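Visitor: can you look at this prediction? I've put the sequence above it.
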Amino acid sequence: MHVYLEIAIRCIIIYLFLILLFRVFGKREMTQLSIADLILIILISNAVQNAMVGDDSSIYGGIVAAAVLFFLNKILSYLLFRYKNIRKFIQSEPIMLIYNGKYIRNNIDKVMITEEELEQVLREHGINNIHDVSLSMLETDGNISIISGKDEQLKKSKHNRKSNTKKTDSTTTS
């Protein structure tokens with residue numbers, strides 16, 4: 001049983017170390033994976049496998065390692081949900097990339113996203129021109145959210161519905 005306790009402790013250490021590495025290297029790594037990112041993940045998993053299970057390549061060693069990793073992930077999910085300070089440390093804050101049709105250079109440079117990558121995301125959202133973007137944010141999960149000037153139509157239609165409701169109400173009361 002001592003061997004399996006050692007595997008559990010090794011898994012905990014590697015899990016926490018990888019969480020820290022992803023936090024240090026930023027949330028950009030969580031966005032869509034490039035070939036280099038995929039290779040990195042495969043190599044990391046291979047590199048840490050032996051550090052987690054040591055010389056034990058038995059099925060029970062693998063089961064212990066997998067169970068510990070799932071358990072740690074469940075605990076981390078709960079802690080992120082429950083405690084804002086832990087959530088802030090692990091996930092950081094959303095970062096504004098575009099505001100009123102203009103790049104925010106300092107933030108783009110800080111998260112190391114190229115203009116080409118950002119323009120690709122704009123096209124994926126059906127936006128051809130940066131000037132049509134009211135707001136773009138790199139979210140805590142690594143996704144990029146975009147609010148375009150086209151969304152003004154939604155505000156107008158909402159406003160029209162309210163004014164139509166008032167007309168209907170005044171007609172009903174008359």
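Guide: Thanks, I have the structure now. Residues are numbered from 1 along each chain as shown.

Visitor: show me the protein divided up by domain.
Guide: According to automatic domain parsing, the chain comprises the domains 2-91, 95-152.

Visitor: okay if I get these as a markdown table plus mean neighbour count and mean pLDDT?
Guide: C-beta coordinates here come from the backbone N, C-alpha and C atoms, glycine included. Listed next are the domains of the chain as a markdown table, based on neighbours: other Cβ atoms under 10 Å; pLDDT from 0 to 100:
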| stretch | mean neighbour count | mean pLDDT |
| --- | --- | --- |
| domain 2-91 | 14 | 80 |
| domain 95-152 | 15 | 87 |
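
Visitor: only alpha carbons, please: show stretch 72-86 as CSV.
Guide: Extracted in CSV, the C-alpha atoms of stretch 72-86 (Å, rounded to 0.1, in the frame of the first residue of the first chain):
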residue,chain,number,x,y,z
LEU,A,72,-7.8,16.8,-7.4
ASN,A,73,-9.6,18.3,-10.4
LYS,A,74,-12.9,18.0,-8.5
ILE,A,75,-11.5,19.7,-5.5
LEU,A,76,-10.0,22.5,-7.6
SER,A,77,-13.3,23.0,-9.4
TYR,A,78,-15.1,23.4,-6.0
LEU,A,79,-12.4,25.8,-4.7
LEU,A,80,-12.6,27.9,-7.8
PHE,A,81,-16.4,28.0,-7.4
ARG,A,82,-16.4,28.7,-3.7
TYR,A,83,-13.4,31.1,-3.2
LYS,A,84,-13.0,34.3,-5.2
ASN,A,85,-9.3,34.7,-4.2
ILE,A,86,-8.4,31.3,-5.4
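
Visitor: can you show me the strands along the chain?
Guide: Per DSSP state E, the chain has strands spanning 95-99, 102-103, 133-138, 144-148. These are given in chain order.

Visitor: packing partners for the third one?
Guide: For strand 133-138, the elements it packs on are strand 95-99, helix 115-124, strand 144-148, judged by 3 or more Cβ pairs under 8 Å, 6 or more residues apart in numbering; DSSP states H and E.

Visitor: residue nearest the centroid of the protein?
Guide: The centre of the chain sits closest to Asp141, judged by Cα atoms, centre = their mean, with a distance of 1.0 Å.

Visitor: ok, that residue to Lys110 distance?
Guide: To Lys110, Asp141 is 18 Å away according to Cβ to Cβ, to the nearest Å.

Visitor: just the helices in this structure please.
Guide: Using DSSP state H, the helices found in the chain span residues 2-25, 35-53, 59-82, 84-91, 105-110, 115-124, 152-173.

Visitor: of all these, which lies closest to His131?
Guide: Proximity to His131, assessed across the helices of the chain by Cβ to Cβ, is greatest for helix 115-124 (10.7 Å).
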